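*Asks:* no sequence on this one, just coordinates:
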């Protein structure tokens with residue numbers, strides 16, 4: 001196969017690169033990997049017809065790769081050429097959230113989320129006592145601080161659209177069920193105050209992570 005690839009590369013003036021299939025880091029891990037294959041395929045170690053690898057699938061050094069491809073040294077150089085073109089970037093950054101188009105009269109996602117939350121709270125709870133207001137304000141402050149108002153607005157928007165289209169939507173599960181804001185804007189249908197559910201399991205400023213809302217849609221109507 002390599003011979004054919006080299007012929008095609010020469011014919012069409014295409015650079016070739018050298019790669020090595022890697023399944024484990026060190027060469028001495030080959031026996032453990034071999035046994036893992038037996039476990040995954042439910043095969044005996046001494047079965048002559050079982051799936052086997054060459055035991056060369058370890059992460060080779062540059063010198064090992066140059067020795068392996070000594071007849072095609074330019075393949076290693078071409079591989080380095082690709083590596084040098086890779087742009088360095090920092091993974092540790094704030095998540096980029098999509099923009100939610102705000103209706104007329106609103107210019108801030110946090111204010112619109114607050115508007116929807118209090119409108120929804122009036123429908124869910126009727127008259128709002130201090131405990132409900134304090135919980136809502138606390139959650140809204142955390143959402144604002146962590147930069148996720150757009151996330152809530154987007155989720156409530158497609159859930160609203162699903163219900164309008166007649167698609168059955170689950171009542172909510174997982175840690176999102178601990179959010180009063182999510183309950184008020186009908187992301188969930190479980191009252192976290194009634195069941196004493198903790199919002200901090202869902203969003204916690206001391207544990208920065210993206211919110212994770214489990215959504216269950218009926219299979220009927222998903223293509224609407």
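*Replies:* Noted; the coordinates are in hand. Keep in mind it's a predicted model, so treat the numbers as computed, not measured.

*Asks:* What about the spatially closest residue to residue 204 that is not a sequence neighbour, how many residues nearby?
*Replies:* Among residues not flanking residue 204 along the chain, residue 142 sits closest, at 7.9 Å (C-beta to C-beta, 6 or more residues apart in numbering). C-beta: built from backbone N, CA, C; applies to glycine. For residue 142, the neighbour count with other C-beta atoms under 10 Å is 18.

*Asks:* Touching stretch 170-187 from outside, list them.
*Replies:* The contact list for stretch 170-187, computed with C-beta atoms under 8 Å, 6 or more residues apart in numbering, reads 113, 116-118, 120-121, 124, 132, 135-136, 139-140, 143, 152, 155-156, 159-160, 163, 188-193, 197-203, 211-217.

*Asks:* tell me which residues in that stretch are buried?
*Replies:* By neighbour count on 16 or more other C-beta atoms under 10 Å, the buried set for stretch 170-187 is 172, 175-187.

*Asks:* Let me know the closest of the residues you listed to residue 37.
*Replies:* Nearest to residue 37 among the buried residues of stretch 170-187: residue 175, at 37.7 Å, using C-beta to C-beta.

*Asks:* Show the model's pLDDT score for the closest one.
*Replies:* What the model reports for residue 175 is a pLDDT of 93.

*Asks:* ok, now the one 5 residues further on?
*Replies:* Among the per-residue scores, residue 180 shows a pLDDT of 98.

*Asks:* Spatially nearest residue to it, not counting backbone neighbours?
*Replies:* residue 135 (5.0 Å).

*Asks:* before we move on, the earlier item: which of the buried residues of stretch 170-187 fall within strands?
*Replies:* Assignment to strands by DSSP state E places none of the buried residues of stretch 170-187 there.

*Asks:* with those in mind, which one is nearest to residue 67?
*Replies:* Closest to residue 67, out of all of the buried residues of stretch 170-187 and judged by C-beta to C-beta, is residue 175, at 52.5 Å.

*Asks:* how close does that closest one sit to residue 143?
*Replies:* Per C-beta to C-beta, to the nearest Å, residue 175 is found 14 Å from residue 143.

*Asks:* Any buried residues in the lowest-mean-pLDDT helix or strand in the chain, and which?
*Replies:* Of all helical and strand segments in the chain, the minimum by mean pLDDT, DSSP states H and E falls on helix 2-12, at a mean of 92. Within helix 2-12, the residues that count as buried by 16+ other C-beta under 10 Å are residue 9.

*Asks:* how far out from the middle of the chain is stretch 34-53?
*Replies:* In terms of C-alpha atoms, centre = their mean, to the nearest Å, the centre of stretch 34-53 is found 33 Å from the chain centre.

*Asks:* Please parse the protein into its domains.
*Replies:* 2-84, 109-201 (automatic domain parsing).

*Asks:* Could you look over these and pick the most buried one?
*Replies:* Most buried of those, by mean neighbour count (mean count of other C-beta atoms under 10 Å): domain 109-201, with a mean of 17.

*Asks:* Could you tell me the end-to-end distance of that one?
*Replies:* 23 Å (C-alpha to C-alpha, to the nearest Å).

*Asks:* Need the contact partners of stretch 204-215.
*Replies:* 95, 142, 145-146, 148, 151-152, 155, 159, 169-170, 172-176, 182, 187, 202-203.

*Asks:* quick one: buried residues of that stretch?
*Replies:* Those would be 211, 213, 215, for stretch 204-215 by 16+ other C-beta under 10 Å.

*Asks:* okay, how far is it across that stretch, tip to tip?
*Replies:* Using C-alpha to C-alpha, the two ends of stretch 204-215 sit 20 Å apart.
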